[in-house]
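Asks: Predicted structure and sequence below. I'll ask about it afterward.
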Amino acid sequence: MATVSMREALRQAIDEEMARDDRVFLMGEEVAQYQGAYKVSQGLLQKYGEKRILDTPIAEAGFAGIGVGAAMVGLRPIVEFMTWNFSLVAYDQIVNNAAKMLSMSGGNFHVPIVFRGPGGAAHNLGATHSQALESIYAHFPGLKVVMPSNCEDAKGLLKTSIRDENPVIFIESEVMYGEKGDIPDGEYTTPLGVGKIRREGKDVTIVSWSKILAHVATKAVDQLAQEGIDVELIDPRTIRPMDMDLIVESVKKTNRLVIVEEGWPFAGVGAQISHDVMKRAFDYLDAPIERVTQEDVPLPYAHNLEIASLPSVEKVVRAVKNVLYVS
Amino acid sequence: MATVSMREALRQAIDEEMARDDRVFLMGEEVAQYQGAYKVSQGLLQKYGEKRILDTPIAEAGFAGIGVGAAMVGLRPIVEFMTWNFSLVAYDQIVNNAAKMLSMSGGNFHVPIVFRGPGGAAHNLGATHSQALESIYAHFPGLKVVMPSNCEDAKGLLKTSIRDENPVIFIESEVMYGEKGDIPDGEYTTPLGVGKIRREGKDVTIVSWSKILAHVATKAVDQLAQEGIDVELIDPRTIRPMDMDLIVESVKKTNRLVIVEEGWPFAGVGAQISHDVMKRAFDYLDAPIERVTQEDVPLPYAHNLEIASLPSVEKVVRAVKNVLYVS
Amino acid sequence: MNEPITALKQPKMHSRLLGLSKETLLAWYDEMLLSRRFEEKCAQLYQMGQIGGFCHLYNGQEAVATGTIHAGNADDYVITAYRDHGPAISKGVDPKAIMAELLQKYTGTTKGKGGSMHLFDRQKNFLGGHAIVGGHIPLAAGVAFAIKYRNERRVCFCYMGDGATNIGSFHEALNLASLWKLPVIYVIENNRYGMGTSVERASAVEDLWKKALAYDMRHDVLEGHDVLEVYRAAKAAVEHARKTYEPSLLEIRTYRYRGHSQSDPVHGHYRSKEEVEEERKRDPVTMFSDTLKAENIINDEYLETAEKRIKRIVEECVQFAESSPLPPAEELYKDVYFESEE
Amino acid sequence: MNEPITALKQPKMHSRLLGLSKETLLAWYDEMLLSRRFEEKCAQLYQMGQIGGFCHLYNGQEAVATGTIHAGNADDYVITAYRDHGPAISKGVDPKAIMAELLQKYTGTTKGKGGSMHLFDRQKNFLGGHAIVGGHIPLAAGVAFAIKYRNERRVCFCYMGDGATNIGSFHEALNLASLWKLPVIYVIENNRYGMGTSVERASAVEDLWKKALAYDMRHDVLEGHDVLEVYRAAKAAVEHARKTYEPSLLEIRTYRYRGHSQSDPVHGHYRSKEEVEEERKRDPVTMFSDTLKAENIINDEYLETAEKRIKRIVEECVQFAESSPLPPAEELYKDVYFESEE
Ligand SMILES: Cc1ncc(C[n+]2csc(CCOP(=O)(O)OP(=O)(O)O)c2C)c(N)n1
Ligand SMILES: Cc1ncc(C[n+]2csc(CCOP(=O)(O)OP(=O)(O)O)c2C)c(N)n1
Ligand SMILES: [Mg+2]
Ligand SMILES: [Mg+2]
């Protein structure tokens, strides 16, 4: 066991995979000379040189497309978006070229590529710079979407994503980069599509992921525990494919579900989980499934409004009590 | 009453609004000289001239952005995407600049603009050219999403959309442009956010919209009627805002719901409707809500696979029987 | 102004055959003729409803694919837009498989999944067939990136229409290709229209090669009706790329004889019948046969037999396609995710 | 090569004051000084945690905003990226409201919703403050489109960084602006770096004005440290636009004295301390005061009082901001959709 920051865990994953496979390279804005806007790639330029660690111009569609083209002919690019917000100008490259190439080419060309960077809100960044965009990527067949909530998973899942033969949307969290956690010694990988029970419980199931799991759901669970409410907390870790079996089994036990996510409500990931659980555990549900999401508004700059908009411990506690019909 | 094609109904809406308000103009690829790739704008260049009917280069982000900029300072652009598939290269302009301008500017600038064009699959167009993209737009607060299923609504909703002070995503259907329907004589508009019961019924509620309502759900309802199953068919007409009251009231009566949509399943519009109904009519539901969607794959070219992938009468009938527990 | 390498000339017969062997010249002629006849058949089959969707024919532009692709080797890559039958044939993709693809068959280039706009052939280094205008232009830079990354001496040919030069991905890709010195040959097939919009109504510069000036990229402009002229200019670009890894932008002036796609009219409001007829006078297939005749490489008899030979091939393609099975239902769920190679 | 109008010169004092009145010159000086001192205060407040998020300061670039914006009138439009305090001040946006915005207050330019990167002022025709690189460049063409549509004689100034010229929306917007002759003045504030990436590592051409050649757009390049020189070039562009509706691309060479944003170091691995010091020698504020002194418009005493006056204004801004209320909770749900005007 070693204690490392999230950024270090991610860096190790990239470093180890680059050492292991020389088809792997990293490109993005400021990843090389600047050592990464958030320092995830610190030291990698020095270790791997300009050939494999590349600073790009501000041209997300261009370099995302370069990644896809290089992957088609056998390289394994890691494309960093400084934040996922900036991927929106490269959206077509991702949801068309990366996601559909294998299918449209009838199996001729597959696209082993990782698009990665931080998603979600940090602090005071305003509406365009604070978006949790997982649902608009997970909507597309052909993509996988991965969202780790801790250092161990961050490393293990990123390694697996780099080895995956398909395009992977890997969404980190800016505000977690500095947070520390334990990771196993030596080589390990973490499978995609396998969720994890973070805490066993019998009263209510909460599904949450990434920062919101770490910063909000976990705290709410602790607080509820003190009030005698025993929550089972599930971290799907991968949004697509989603480990629905794990969630459904849990709900069959607890009979109640709250989904906590950072994204907007309408057609969010939580809506899908809700639908699937309702279908597969219909007779087990003792209360309507609750969702805690960001308010249905563009996120404002002022911190008081920002806090009011995002999921909070208070909102989660309220939702859990709702499904338990207690106040 | 007059009987017109869908393209004529849409053309009338644009024509009437352009005559009524000289701030309204239309731009897009081939809308002028070519008279529209699908002839929706036929004759408008001749009537309104080059100043108000503009052919654009193939530069969706550029001309979508020009629309947003012009709207900020008081014009009322109608931006045609030859199909909605091509909007993906302009996604940032729509979901950031159009959707968030009012909020980010704290009320300084609003963006009265209509983005319109055909969405969904036609025939044999392959994976990139057949996408039903409503959920990835409806996800964003600040946007409205409108999807008419018949000529009368097409005209009335488009007129309302052009008069709306907000960005409206108006999704038509390529294969319906030639289909005929009755429209009222004289001036009329149709409100956004108000759904319509297309057929009253007592056994099951089906929610569907646009082409899939017209071509698939309606037929399934007729077939089921012959088998003695009495379906209430709801057309929300607007995806965002969604007339949930209407849907919930219906489900409270029928106790069963099937949602039929063309998009992919994961985090689709149907997932949201399902979640909302489950929450608001939990105790009324006698069966799990069923969804019929496109299969979770990129749409292939070959017609046999295409048919197998899209929602069909057969699939809808099966879903309805599922919620009725009959086979 | 940084002048392009080749001054634009009136179309002319090449008296010099550039030292190409008779065998090569005849193979090119056959290829261009096949491309032409193959697509004439496509037009028929489309009319009959056997080919579905959008079908963009290459008639009139054959000299561009033949002249450029043969300036490279079999291991060089080719990527293009939806007007891809010609480039695919020139790159050696089996025309039987192309026809089967068009007819929605399992034996097609992509098992019936991609259709006319999305031909692919991994073995032949044919990377598609892409239908979002401009979307493939960065991919070509990525392929060239991989070539250089592996210290190979290959090149990637990337074709695009005149209309595609106005979209953002063109700008981003050309800047990156030039900045990073990536061995890609960007070929603008300037057929004067993007659908119904003429170049001067879509681009602020009519001379599309001028766009290279914004990227300090090697560039050239030439008439694309004479396959030998095209070959000469392309060869120079290829050699430059092999030597320096540097990209080129070639503006090749050409013309499409048919409507934008088979659902569009040959001439609508945007061009006249007379213009099309005038342009047809410098038909690249005829121009090439005239050159070969003038140089005594072939005679009229050769042309007759060639027609018959090609006709037979096209018939075989149709037979193969028609007798092939549709993709089986379970194919729908395949090729969505790739199983691990490891 | 289509040479730019102004040959690049060594920075020099203007002996001619371009016929500008003393009043005007002093107002500009005050404005530039206010911009400078205002942002020095921002840097402090950011350090203290009162300003949140990303805060990109304009220090060093003041002559660009002042020189260009005053080449236009109050009814001309201005739109820029996230480095927007300077342009907002020059456009006459109330610095109190700007400071209140930065401090997340309800009295701010956008009620605390936009923050530093998203200043807006409808009354002043200040159209933002946009944080997606390049995203606002087409908006400017749209504003210019509206101007022409209404047969007005206004112009729209659009500012962008050197880094922003590599993104697709730049290409699409400039092509459209030139093709349709839209009265927009595109100003590249070439401060040599996009974050930590120097121009030559991001753009295939180092002379960014060359990008205008791809759009046949009127263009110019100049040193942007001398506000009078900037004014002169901008005025010519404005006059040209008013006469012809035609756009211009001005590459203005400038320098940013601080880190990319206030969370970045002043000089990281990408530029040296020496370089920053060297550049500071042609500080636009000092250069302007030197010119004014040389021309006997002002003396040292004036400078001292100006400093005091500006200091007081900045203090008032901070006081106003600090004593203003936070946006009330119900604001969260406002401004998502606009209620009908009809
Ligand atoms: C992004 C995008 N916008 C619009 C279209 C529709 N479209 C397909 S081809 C075409 C014209 C392209 O013209 P050009 O690039 O000159 O190629 P050509 O067809 O002449 O070979 C258009 C507008 C598209 N496929 N993709
Ligand atoms: C599309 C997009 N990509 C990346 C970013 C992150 N980013 C913000 S500013 C910046 C550098 C811009 O440099 P330049 O255009 O030269 O402007 P300057 O900051 O020097 O004024 C980057 C990469 C962004 N905001 N938007
Ligand atoms: Mg063309
Ligand atoms: Mg810069």
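Replies: That came through fine. Ligands and ions are numbered 1, 2, ... in the order given.
Asks: burial count for residue C:201?
Replies: Here the count is done by other C-beta atoms under 10 Å in any protein chain shown, and residue C:201 has 16 residues near it. No exception for glycine: its C-beta is placed from N, CA and C like everyone else's.
Asks: what's the model's confidence in the strand or helix carrying it, averaged?
Replies: Using DSSP states H and E, residue C:201 sits within helix C:199-202. Across helix C:199-202, pLDDT averages out at 98.
Asks: Quick one: list the elements packing against that helix.
Replies: Packing partners of helix C:199-202 (3 or more C-beta pairs under 8 Å, 6 or more residues apart in numbering or on different chains; DSSP states H and E): none among the helices and strands.
Asks: how about that helix against ligand 3, any contact?
Replies: No. Using C-beta under 5 Å from the ion, helix C:199-202 stays clear of ligand 3, coming no nearer than 7.8 Å.
Asks: send the alpha carbons of whatever helix or strand comes next after that helix over as CSV?
Replies: Using DSSP H and E, the helix or strand that follows helix C:199-202 in sequence is strand C:218-223. The C-alpha trace of strand C:218-223 is given here as CSV (Å, rounded to 0.1, in the frame of the first residue of the first chain):
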residue,chain,number,x,y,z
ARG,C,218,3.4,23.0,-49.6
HIS,C,219,0.7,23.4,-52.2
ASP,C,220,-0.2,23.0,-55.8
VAL,C,221,-3.1,23.5,-58.1
LEU,C,222,-3.8,21.7,-61.4
GLU,C,223,-6.4,20.7,-63.8
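Asks: chain center to strand C:218-223: distance?
Replies: Offset of strand C:218-223 from its chain centre (C-alpha atoms, centre = their mean, to the nearest Å): 16 Å.
Asks: biggest helix in the chain by residues?
Replies: Since no chain was named, I'll use chain A. helix A:6-20 (DSSP state H).
Asks: Can you look at chain C instead?
Replies: helix C:22-47.
Asks: hmm, back to that, same for the longest helix of chain A, what does it pack against?
Replies: Helix A:6-20 packs on strand A:24-28, helix A:44-52, helix A:151-163, strand A:168-173, strand A:180-183, going by 3+ C-beta pairs under 8 Å, 6+ apart.
Asks: and if we set it to 7 Å?
Replies: For helix A:6-20, the packing partners by 3 or more C-beta pairs under 7 Å, 6 or more residues apart in numbering or on different chains; DSSP states H and E come out as strand A:24-28, helix A:44-52, helix A:151-163.
Asks: Would you reformat those as CSV and include distance to ligand 4 and mean neighbour count?
Replies: Conversion of these to CSV gives the following (distance: least, C-beta to the ion, whole Å; neighbours: other C-beta atoms under 10 Å in any protein chain shown):
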stretch, distance to ligand 4, mean neighbour count
strand A:24-28, 18, 24
helix A:44-52, 21, 15
helix A:151-163, 31, 25
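Asks: how about the helices in the chain?
Replies: Because you didn't say which chain, this covers chain A. A:6-20, A:44-52, A:60-72, A:91-92, A:99-104, A:134-138, A:151-163, A:210-212, A:218-226, A:244-254, A:269-280, A:303-309, A:313-323.
Asks: my question was about chain C
Replies: Remark: helices assigned in chain C by DSSP H are C:22-47, C:62-69, C:85-90, C:95-102, C:137-149, C:168-179, C:199-202, C:227-244, C:273-280, C:284-294, C:300-322.
Asks: quick one: is the longest one near chain B?
Replies: The reference is to helix C:22-47. No. Counting by C-beta under 7 Å from any C-beta of the partner chain, chain B has no neighbours in helix C:22-47; the shortest distance is 10.7 Å.
Asks: Using the neighbour-count criterion, name the buried positions in that helix.
Replies: Buried residues in helix C:22-47, counting neighbours by 16 or more other C-beta atoms under 10 Å in any protein chain shown, are found at C:25, C:28-29, C:31-39, C:41-43, C:45-46.
Asks: Where does the prediction get shaky in chain A?
Replies: Within chain A, not a single segment meets pLDDT under 70.
Asks: next one: chain C
Replies: Using pLDDT under 70, chain C drops low at C:1-2, C:7-15, C:340-342.
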